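>>> Sequence and predicted model, in that order:
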Amino acid sequence: MIDLRPRRLVRSAWWLVRFEVSLYVSLARWVARRPDHGDGATPYGYARLVSPVICLWIFASAAEIPLVHVLLPWEGLRLALLVLGVWGLAWMVGLLASMHVYPHLVTDQGIRVRSGPSFAVFVPWSAVTAAAKIDRDLPSTIRTIQIDESGTGTDAAVPVSGRVNVTLTLRDPMTVPTREGERSVDSVSLWVDEPRELVALARQRVSAPR
């Protein structure tokens, strides 16, 4: 029997490298004020829920850098912790930036549900039968997409801080990408800062004649 664990480790390492690079690209786009809004699309943000928490971590990390430099008498250790502190600070700012420069995108054809630069799935309005504002807590995880199976079907949830507040029910099952491969789902759930506005717009698009 072939042991797939080394292959999984390589895939995970490659995913982490790409994710790391994407954060710095997001930070550069944020500084340059060049968000990825697409052509003619309406952006819907999802960062409001976690921005205060991330900002607190950024502030604490920024304050920790000079504090460590003053308190530690060992030059080598101070230098190592300085590098680590700057890296951690840039990482967190990049994470916050990624949520701002890669919002959900709504067009006349459908909605591109995103989670930073690392995940995106396009849901056409023609595939949606209903849109509803449903607040739901999910199990805590670092995954960008969670597959939730229940008696009503299989849901692909793209949460923020383990929460979703909009659910799109699909006319027919569609496939979505996950780290374990493609999965067939009956609905797509997401978190958005303005759920009522998005649900109202989605219902207009779904009910519009085609």
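Received, thanks.

>>> So, low pLDDT: which residues of this protein?
Applying pLDDT under 70 to the chain flags residues 1-5, 8, 208-210.

>>> Name the SS class of Ala157, please.
Classification of Ala157 by DSSP: H, G, I helix; E, B strand; the rest coil places it in strand.

>>> Go ahead and confirm it touches Thr141.
No. Contact criterion C-beta atoms under 8 Å: Ala157 and Thr141 do not qualify, at 10.2 Å. The way it works is simple: take the backbone N, C-alpha and C, and place the C-beta from them, glycine included.

>>> out of those two, which sits in the busier spot?
Ala157 (23 against 10; other C-beta atoms under 10 Å).

>>> and Val93, how far is that from Pro52?
Separation of Val93 from Pro52 (C-beta to C-beta, to the nearest Å): 15 Å.

>>> nearest residue to the residue nearest the centre of the chain other than its sequence neighbours?
The residue lying closest to the centre of the chain (C-alpha atoms, centre = their mean) is Ser115, at 2.1 Å. Using C-beta to C-beta, 6 or more residues apart in numbering and skipping residues adjacent in sequence, the residue nearest Ser115 is Thr144, 4.1 Å away.

>>> ok so, going back, looking at Val93 and Pro52, which is more packed in?
With neighbours defined as other C-beta under 10 Å, Val93 and Pro52 compare such that Val93 has more, 22 against 8.

>>> you'd agree the more buried one is up against Tyr24?
No. In this structure, Val93 is not within contact of Tyr24 by C-beta under 8 Å, at 9.7 Å.

>>> how close does Trp14 sit to Ser26?
Counting by C-beta to C-beta, the separation of Trp14 from Ser26 is 19 Å.

>>> Who has more neighbours out of these two?
Ser26 (24 against 10).

>>> A strand includes that one, no?
No. Per three-state DSSP, Ser26 lies outside any strand segment and is helix.

>>> quick one, what contacts it?
By C-beta atoms under 8 Å, 6 or more residues apart in numbering, the contact set of Ser26 is Gly94, Ala97, Ser98, Val101, Tyr102, Gly116, Pro117.

>>> Would you mind listing the buried residues in stretch 150-161?
For stretch 150-161, the neighbour count (16 or more other C-beta atoms under 10 Å) marks Thr154, Asp155, Ala156, Ala157, Val158, Pro159, Val160 as buried.

>>> Stretch 100-117 now?
Buried, per 16+ other C-beta under 10 Å, within stretch 100-117: 100-107, 110-117.

>>> Please go through this protein and pick out the longest strand.
strand 163-178 (DSSP state E).

>>> Return the distance of that strand from the chain's centre.
15 Å (C-alpha atoms, centre = their mean, to the nearest Å).

>>> buried residues in it?
Within strand 163-178, the residues that qualify as buried are Val164, Asn165, Val166, Thr167, Leu168, Thr169, Leu170, Met174, Val176, Thr178, counting by 16+ other C-beta under 10 Å.

>>> Out of those, flag the one nearest to Leu77.
Closest approach to Leu77 among these (C-beta to C-beta): Thr178, at 41.5 Å.

>>> No more questions from me, cheers.
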